[in-house]
Structure formats: C-alpha cells, structure tokens
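Q: Mind looking at a prediction? Sequence and model below.
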Amino acid sequence: MSNKKAFALRVDEEMLKAIEKWASDEFRSTNGQIEWMLNNSLKDANRHPKNKTQK
C-alpha cells in the first residue's frame, strides 16, 4: 500500500472547473482525476517512479 501525502495546490479557477468536469465525466473525484493526470504525465515523460528503466 502506498503512502499518500496531502498538500495544498493553487490552480486557476477556470482550470479547476475544467478538471472537475473531466473528473465527473470519468466518474472520478477531482483529487483522483488530478492524480490520474499526474501519473499519465509522469509515464509519458518516462519519469514515473515505478518505471524500472529510469536511471
């Protein structure tokens, strides 16, 4: 089980509304959507911590 750390995130109001709408469309919480987006971005950049090929 992974440990999750809470932190404050400042984001533009319009961006947050778009993320909330996307989360709703995907049946996720806003927090879950942001986590999903970050995971995908890390994988795409080959920087995900679970990526064994990273040096």
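A: All right, it came through fine.
Q: element containing the most centrally placed residue in the chain, please.
A: Geometric centre of the chain, nearest residue: residue 35, 2.4 Å, by Cα atoms, centre = their mean. Using DSSP states H and E, residue 35 sits within helix 30-44.
Q: Report the buried residues of that helix.
A: 33-34 (16 or more other Cβ atoms under 10 Å). C-beta coordinates here come from the backbone N, C-alpha and C atoms, glycine included.
Q: you'd agree residue 26 is up against residue 20?
A: No - assessed by Cβ atoms under 8 Å, residue 26 is found out of contact with residue 20, at 11.0 Å.
Q: between these two, what contacts are shared?
A: residue 33 (Cβ atoms under 8 Å, 6 or more residues apart in numbering).
Q: quick revisit: give me the mean pLDDT for the helix holding residue 35.
A: On average, the pLDDT along helix 30-44 is 96.
Q: Not counting its own residues, what contacts that helix?
A: 9, 16, 19-20, 22-23, 26, 28, 48-49, 51.
Q: Centre of the chain to stretch 22-29, how far?
A: Centroid separation for stretch 22-29 versus its chain: 12 Å, with Cα atoms, centre = their mean, to the nearest Å.
Q: Compute the first-to-last residue distance for it.
A: Using Cα to Cα, to the nearest Å, the end-to-end distance of stretch 22-29 comes to 10 Å.
Q: Pull out the buried residues from that stretch.
A: Applying 16+ other Cβ under 10 Å to stretch 22-29 flags residue 23 as buried.
Q: Where does residue 3 sit, in terms of helix or strand?
A: Going by DSSP H and E, residue 3 is not in any helix or strand.
Q: residues near it, how many?
A: 4 (other Cβ atoms under 10 Å).
Q: mind checking pLDDT for it?
A: 88.
Q: what about the residue nearest to the centre of the chain, distance to residue 2?
A: In this structure, residue 35 and residue 2 are 11 Å apart, going by Cβ to Cβ, to the nearest Å.
Q: Check residue 42 too.
A: 14 Å.
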